[in-house]
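Chemist: Next come a sequence and a model predicted from it.
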Amino acid sequence: MAVPISQMATVTKYVLTQKLSGVKRYPLVLMLEPLFRCNLACAGCGKIQYPDHVLDKRLTVEQCLAAAVECGAPIVSIPGGEPMIHPEMPAIVRGLVAQERYIYLCTNAILMERKLDEYQPSKFLTFSVHMDGLKDEHDLAVCRDGVYDVAVKAIKAALKRGHRVTTNTTLFDDANPERVRKFFDAMMDLGVEGMMISPGYSYQKAPDQQHFLKRERTRELFSRILGNPKKGWQFNQSPLFLDFLMGRREYECTPWGNPTYNVFGWQKPCYLLQEGYVKTFRELIESTEWDNYGTGRNEKCADCMVHCGYEPSAVEDTFGTLSGFGRTVKLTMLPTSR
């Protein structure tokens with residue numbers, strides 16, 4: 001099972017508590033961006049195109065921990081930039097672990113192996129290593145040769161020390177389904193806990209605007225990749241979200257489920273769009289015109305099927321409908337039954 005039972009139980013209790021309390025819009029995963037600076041310059045990334053005075057900004061330990069408390073989500077994903085550049089990242093992680101939040105530290109793994117001594121293995125901490133395919137595809141995606149080999153070496157070192165490790169993959173229009181399936185085999189052979197996948201969707205600031213996925217192409221691509229899953233594959237995400245990517249379920253976007261906090265504040269309305277910032281999480285929830293966003297409501301959202309908007313919708317389906325709950329149980333227990 002890709003997600004530990006303790007984590008599943010925590011999320012289940014949290015979601016049911018929100019629903020029984022009548023809360024309509026609740027956060028599931030806090031997207032915590034403590035910096036935008038990175039040691040790579042991927043063509044599909046829109047987070048590193050800021051001027052230097054912005055790239056030099058950092059959230060403090062206190063700001064990060066306060067945001068987690070204010071938001072209250074049981075899971076914290078820490079993307080960037082490259083989080084391991086942040087000199088206080090070990091202290092941020094220790095503080096979040098003390099809050100008993102499940103942390104996914106997203107990293108390109110260039111610095112990971114040399115910094116492993118700064119992180120204590122914990123059920124609350126997972127290194128989520130950015131891997132966009134096999135060696136050729138990954139090194140091309142990150143615009144630097146040799147990064148795949150560095151990441152594989154770091155993954156092996158982290159697993160040897162008892163850390164939880166997953167992979168985080170973004171697929172673009174030029175992805176080859178058979179190569180992606182071989183990549184899944186390679187990652188599971190390494191011994192990672194599970195894999196997370198999502199379609200690449202347009203960052204307004206990204207240099208490469210040619211390879212982001214349109215909605216129909218997303219369904220076609222993911223159906224070819226996931227339609228006949230292998231027994232050993234494990235995915236560290238909602239099975240209903242994978243159904244959605246394949247075009248087997250329809251959801252409306254619920255971006256409040258993955259709110260973003262970064263050096264500018266709480267970002268409206270989601271991780272991808274930048275429609276303004278507010279100072280508090282409550283202000284984000286209460287002042288954002290949520291009905292103005294989502295497929296069919298906003299041209300910027302027309303082709304989006306990204307996890308930050310739709311995985312919370314899939315989780316809501318699991319706990320809000322009998323068909324969603326039954327499908328989730330079936331695919332969790334029998335992942336090859338897809």
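Modeler: Ah, there it is. Values in this document were obtained by computation on a predicted structure and should not be read as measured data.

Chemist: make it CA atoms for all contacts and neighbour counts henceforth
Modeler: OK.

Chemist: Surely G146 and D139 touch.
Modeler: Yes. Counting by Cα atoms under 8 Å, G146 touches D139, with 6.5 Å between them.

Chemist: between these two, who's got more neighbours?
Modeler: D139 (19 against 15; other Cα atoms under 10 Å).

Chemist: My understanding was that the more buried one contacts A151; is that so?
Modeler: No. Between D139 and A151 there is no contact under Cα under 8 Å: 10.6 Å.

Chemist: which residue ranges form the strands in the stretch 201-338 of the chain?
Modeler: When assigned using DSSP state E, counting those that start in this stretch, the strands of the stretch 201-338 of the chain occupy the ranges 260-262, 265-269, 274-278.

Chemist: So for K330, which of those strands sits nearest?
Modeler: Of all the strands of the stretch 201-338 of the chain, strand 260-262 sits nearest to K330, with 31.6 Å by Cα to Cα.

Chemist: Which strands and helices lie in contact with the closest one?
Modeler: strand 29-32, strand 265-269 (3 or more Cα pairs under 8 Å, 6 or more residues apart in numbering; DSSP states H and E).

Chemist: Could you list the low-confidence segments of this structure?
Modeler: 1, 46, 202-212 (pLDDT under 70).

Chemist: Longest strand in it, please.
Modeler: strand 164-171 (DSSP state E).

Chemist: how far does whichever helix or strand comes after that one sit from the chain's center?
Modeler: Using DSSP states H and E, the helix or strand that follows strand 164-171 towards the C-terminus is helix 177-190. Helix 177-190 sits 19 Å away from the centroid of its parent chain (Cα atoms, centre = their mean, to the nearest Å).

Chemist: Keeping just the C-alphas, turn helix 177-190 into CSV.
Modeler: Taking Å, rounded to 0.1, in the frame of the first residue of the first chain, the C-alpha atoms of helix 177-190 are listed here in CSV:
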residue,chain,number,x,y,z
PRO,A,177,3.4,6.2,-22.9
GLU,A,178,5.7,3.1,-23.2
ARG,A,179,8.7,5.0,-21.9
VAL,A,180,6.6,6.3,-19.0
ARG,A,181,5.5,2.8,-18.1
LYS,A,182,9.2,1.7,-18.2
PHE,A,183,10.0,4.7,-15.9
PHE,A,184,7.3,3.5,-13.5
ASP,A,185,8.9,0.1,-13.4
ALA,A,186,12.3,1.7,-12.8
MET,A,187,11.1,3.8,-9.9
MET,A,188,9.3,0.8,-8.2
ASP,A,189,12.5,-1.2,-8.6
LEU,A,190,14.4,1.4,-6.7
